[in-house]
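Peer 1: coordinates only, sequence not included:
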């Protein structure tokens, strides 16, 4: 295993560096100019044109659906970009905290727990990156190949830019296509590498809880331990202090990444619910096979963006509450009164599970995910009733 857990996030930081968010080891003075220029061109101007396009989009529901989906998605992307740009120092601090000795494990079994959860994250990052790049190619490269080989019609990959005349769009079509495609790829990489970062923080937090669980279960005197009762007591106190210190650092870690992701998760869940509702409406409209596949794929992607943090948040809360049970399996009855008093304090704190929230309004849990899906379905049902009444009135 790498000596540094933060190395698991090397790809995330590399992508941020390439796309103007993270200075890395480059000279800050020069990187700053690149970062400002890149973000203005591919983020600020890009989103301005996207919103302008939405304003000029004809008020037909079949045309609005796709434009609304992309505009809503960009709100979530902006919140993630702001998280990295404005909370960079906190991110550096949490990377440093991940590399502390307490988080590495004290025996082979403990180190194996840490290594396993780092592998889980790397597999999750690889699968997300692969799937996202394949989806991007299917949306951008495959239509270009169809245009060049089979002379199929080629549309702009993101939006129609309704505020431009047909003559202007046709004249600058190649430039607009490249600009939208390039911006789309950068925003996709922002999404992938910030979403996986958030999930990674939570995966490693679950790993640390399980490491603590392992350490508490093994807080016992071994048969090979020799010496007087005072010596054994001292050794047990020393082991217990290390566990308490590890638990304190774990709580600090959870507090720090809660502060980092709180606002972003609030936006993610709110926007995700809206997009899911819009997609459900769009799936009922007459559409081409390509549009239908796009809607289904986007629906699954948005579900995963809110399901994965919800599932990991539930896991973290459950595992952290189980520390109390693990503590009672340790060898605490023969210990001194001092030991038992401190043990009781630890157990009292462990009774309260770690709960990650969105702006302290809702917890990241499966219950929240189910509630969001119910709300999205209710909104979809309401919109469907309104649409049916309008159609009946027209007839």
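Peer 2: That came in fine, so what should we check first? These numbers come from a predicted model, not from an experiment. Numbering: from 1, shown residues only.

Peer 1: Show the pLDDT at residue 1.
Peer 2: Note for residue 1: predicted pLDDT of 47.

Peer 1: Can you list the residue ranges for helices in the chain?
Peer 2: Using DSSP state H, the helices of the chain run over 10-18, 28-39, 45-56, 61-86, 88-98, 108-150, 166-171, 173-217, 229-283, 289-321, 323-328, 337-350, 366-394.

Peer 1: And these: which comes nearest residue 156?
Peer 2: Smallest distance to residue 156 across these (C-beta to C-beta): 5.7 Å, for helix 173-217. Any C-beta I mention is one placed from the backbone N, CA and C, and that applies to glycine too.

Peer 1: what angle sits between the closest one and helix 45-56?
Peer 2: 110 degrees (axes from the mean of the first three to the mean of the last three C-alpha atoms, to 10 degrees).

Peer 1: what packs against helix 173-217?
Peer 2: helix 10-18, helix 45-56, helix 61-86, helix 108-150, helix 229-283, helix 289-321, helix 323-328 (3 or more C-beta pairs under 8 Å, 6 or more residues apart in numbering; DSSP states H and E).

Peer 1: Buried residues in the shortest one, which are they?
Peer 2: Spelled out, that is helix 323-328. 323-324, 326-327 (16 or more other C-beta atoms under 10 Å).

Peer 1: could you dump the helices and strands packed on helix 173-217 to a markdown table with mean pLDDT?
Peer 2: Putting the helices and strands packed on helix 173-217 into a markdown table (pLDDT from 0 to 100) gives the following:
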| stretch | mean pLDDT |
| --- | --- |
| helix 10-18 | 94 |
| helix 45-56 | 94 |
| helix 61-86 | 90 |
| helix 108-150 | 90 |
| helix 229-283 | 90 |
| helix 289-321 | 88 |
| helix 323-328 | 91 |
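
Peer 1: Which among these is found nearest to residue 192?
Peer 2: Closest approach to residue 192 among those (C-beta to C-beta): helix 108-150, 4.9 Å.

Peer 1: who does that closest one touch, helix- and strand-wise?
Peer 2: Contacts defined by 3+ C-beta pairs under 8 Å, 6+ apart place helix 108-150 against helix 10-18, helix 173-217, helix 289-321.

Peer 1: of the ones you listed, which approaches residue 338 most closely?
Peer 2: When the helices and strands packed on helix 108-150 are compared by C-beta to C-beta, helix 173-217 sits nearest residue 338, at 18.3 Å.

Peer 1: now the helices and strands packed on helix 173-217 in CSV, with distance to residue 343?
Peer 2: CSV is the format used below for the helices and strands packed on helix 173-217 (distance: least, C-beta to C-beta, whole Å):
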stretch, distance to residue 343
helix 10-18, 39
helix 45-56, 54
helix 61-86, 39
helix 108-150, 20
helix 229-283, 7
helix 289-321, 17
helix 323-328, 7
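
Peer 1: Make a markdown table from the buried residues of helix 323-328 and add distance to residue 249 to it.
Peer 2: Formatted as a markdown table, those follow (distance: C-beta to C-beta, whole Å):
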| residue | distance to residue 249 |
| --- | --- |
| 323 | 14 |
| 324 | 19 |
| 326 | 17 |
| 327 | 17 |
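
Peer 1: Single out the most deeply packed of the helices and strands packed on helix 108-150.
Peer 2: Most buried of the helices and strands packed on helix 108-150, by mean neighbour count (mean count of other C-beta atoms under 10 Å): helix 173-217, with a mean of 21.

Peer 1: Residue 100 reaches residue 252, doesn't it?
Peer 2: No: Residue 100 is beyond contact range of residue 252, at 10.1 Å (criterion: C-beta atoms under 8 Å).
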